[in-house]
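> Based on what follows, work out the 3D shape:
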Amino acid sequence: MNGSELPGGLELVRAFVNTRELETGADLLADSRGLQAWLTGHGLADPLRTPTEAELHRTTDLREALRAHLLANNGQPLGADAVSTLERQAARSGVTVSFADGAAVLLPTAAGVDGALGLVIAAAGQAMFEGTWPRLKACPADNCHWAFIDHSRNHSRHWCAMNVCGNRQKVRAHRARRR
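Model prediction:
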């Protein structure tokens, strides 16, 4: 696997989590139209149906719960609320196991936004089954939390970009030692 390839549906999960950029405050899912645009842009929803405010709220809750799981993949503690959010949305999406072509695949049975969110959850679950999930991480820098794939041989990559977040942390640690 080269640096540009992501195993399975991890790219969908990464793209979903990265709809919010903490450092700049940019949020592609800031409103229902943004959610509709993102879902249709990824082939996950009907472009003619505008999501409701409740669906938008469930979507952003799921995004932040997945971000918490990616931070946990990078050594941070995982709160019970992040787990329960994923479980609640998986149930609402009707995620089930389908057996096709000799393989088990997770698929949502719900339609609309809940079905689209189910595809994101199914991609995460499939990656967990396949063992690729630990490679998807979130940067631990408080102003970043950007999702990235760890392509290092021993899964030791810590920062989204060593020349940005990693360097900032090194400078902070150096200054703290000098004090």
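> How about the contacts made by Lys83?
Careful, residue 83 is Val; it's not Lys. Ala65 (Cβ atoms under 8 Å, 6 or more residues apart in numbering). (Glycine included, C-beta is placed from N, CA and C.)
> how near is it to Pro134?
Val83 sits 16 Å away from Pro134, taking Cβ to Cβ, to the nearest Å as the criterion.
> Glu55 too?
In terms of Cβ to Cβ, Glu55 sits 30 Å off from Pro134.
> neighbour count winner among these two?
Glu55 (21 against 14; other Cβ atoms under 10 Å).
> so where does the closest residue to the more buried one other than its chain neighbours fall, helix or strand?
Nearest non-adjacent residue to Glu55, counting by Cβ to Cβ, 6 or more residues apart in numbering: Val113, 4.1 Å away. For Val113, the enclosing helix or strand under DSSP states H and E is helix 112-130.
> CA atoms of that helix as CSV?
Coordinates of the C-alpha atoms in helix 112-130 are reproduced here as CSV (Å, rounded to 0.1, in the frame of the first residue of the first chain):
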residue,chain,number,x,y,z
GLY,A,112,-32.0,9.1,3.6
VAL,A,113,-29.5,10.7,6.0
ASP,A,114,-29.6,7.9,8.5
GLY,A,115,-28.8,5.4,5.7
ALA,A,116,-25.9,7.6,4.6
LEU,A,117,-24.6,7.8,8.2
GLY,A,118,-25.0,4.1,8.4
LEU,A,119,-22.6,3.8,5.4
VAL,A,120,-20.0,5.8,7.4
ILE,A,121,-20.5,3.6,10.5
ALA,A,122,-20.3,0.5,8.3
ALA,A,123,-17.0,1.6,6.8
ALA,A,124,-15.6,2.1,10.3
GLY,A,125,-17.0,-1.3,11.5
GLN,A,126,-15.6,-3.0,8.4
ALA,A,127,-12.2,-1.5,9.0
MET,A,128,-12.3,-2.8,12.6
PHE,A,129,-13.1,-6.3,11.3
GLU,A,130,-10.3,-6.1,8.8
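> tell me which strands and helices that helix is in contact with?
Contact here means 3 or more Cβ pairs under 8 Å, 6 or more residues apart in numbering; DSSP states H and E; on that basis helix 112-130 packs against helix 10-17, helix 32-41, helix 53-72, helix 80-93, strand 103-107.
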